[in-house]
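A.B. asks: give me a 3D structure for the following:
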Amino acid sequence: MRTTVRRWPRLGALYGAGLGFAGGIVATVGSAAGGLVEPLSAPVLMVAVVSAVTTVAGALLAGLQSWLLYASFILGHGGELALSGASVHSAAVLAGTAAIATAVGAAIGWIQKPSLVSVPCQRSAADFTSSVLVSTGVRGLGS
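C.D. replies: As a prediction, the model looks like this:
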């Protein structure tokens, strides 16, 4: 019985940026709809999820896009970029979330790598016999 290991997926930077942009729109709409304890919680959650599965560049692009959407449509109502103390605070929170989630995703990927030492498995007699016949050039009955 052979088992396969499913590894933590890592997306390229452009795919991560695209996923971050789409997720940023959903997070911004969710924040604008209200009902959240903190409007920044939806973008932070989105950046954490996207950053865990993408590269550093993809995580930073996702965080930047999410911050631009948050600062433009939540803090600065109507799409006007608001550069205030709350905007700088949200940029720092999103950048920190991107860095930490990327490190966690990389650590999970590193933990899941196969070890350098492989333990040989015991071969059955049928495997040994067929490999000897092939290596010595003995042909089967039908040849």
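
A.B. asks: residue 21: what's it in contact with?
C.D. replies: Applying CB atoms under 8 Å, 6 or more residues apart in numbering, we find residue 21 in contact with 62, 65. Glycine gets a C-beta too; all of them are placed from N, C-alpha and C.

A.B. asks: I'd like the numbering to begin with 4 instead of 1 from here.
C.D. replies: Okay, using 4 as the starting number, the last item reads as residue 24.

A.B. asks: identify the residue nearest the geometric centre of the protein.
C.D. replies: Relative to the mean C-alpha position of the chain, the nearest C-alpha, by CA atoms, centre = their mean, is the one of residue 56, at 0.2 Å.

A.B. asks: residue 45 is in contact with residue 33, correct?
C.D. replies: Yes: Residue 33 is within contact range of residue 45, at 4.4 Å (criterion: CB atoms under 8 Å).

A.B. asks: pull up the overlap in contacts between these two.
C.D. replies: Residues touching both residue 33 and residue 45 (CB under 8 Å, 6+ apart): residue 39.

A.B. asks: one step back: quick one: the residue nearest to the centre of the chain and residue 19 touch, right?
C.D. replies: Yes: counting by CB under 8 Å, residue 19 is a contact partner of residue 56 at 7.2 Å.

A.B. asks: what count of nearby residues applies to residue 106?
C.D. replies: The local packing of residue 106 (other CB atoms under 10 Å) involves 14 other residues.

A.B. asks: swap in residue 50?
C.D. replies: Neighbour count for residue 50, taken as other CB under 10 Å: 31.

A.B. asks: OK, contacts around it?
C.D. replies: By CB under 8 Å, 6+ apart, the residues touching residue 50 are 23, 62, 65, 66, 69, 97, 100, 101, 104.

A.B. asks: and if we set it to 10 Å?
C.D. replies: Shown in contact with residue 50 (CB atoms under 10 Å, 6 or more residues apart in numbering): 23, 26-27, 30, 62-63, 65-70, 96-101, 103-105.

A.B. asks: again with residue 88
C.D. replies: Contacts for residue 88 (CB under 10 Å, 6+ apart) come out as none.
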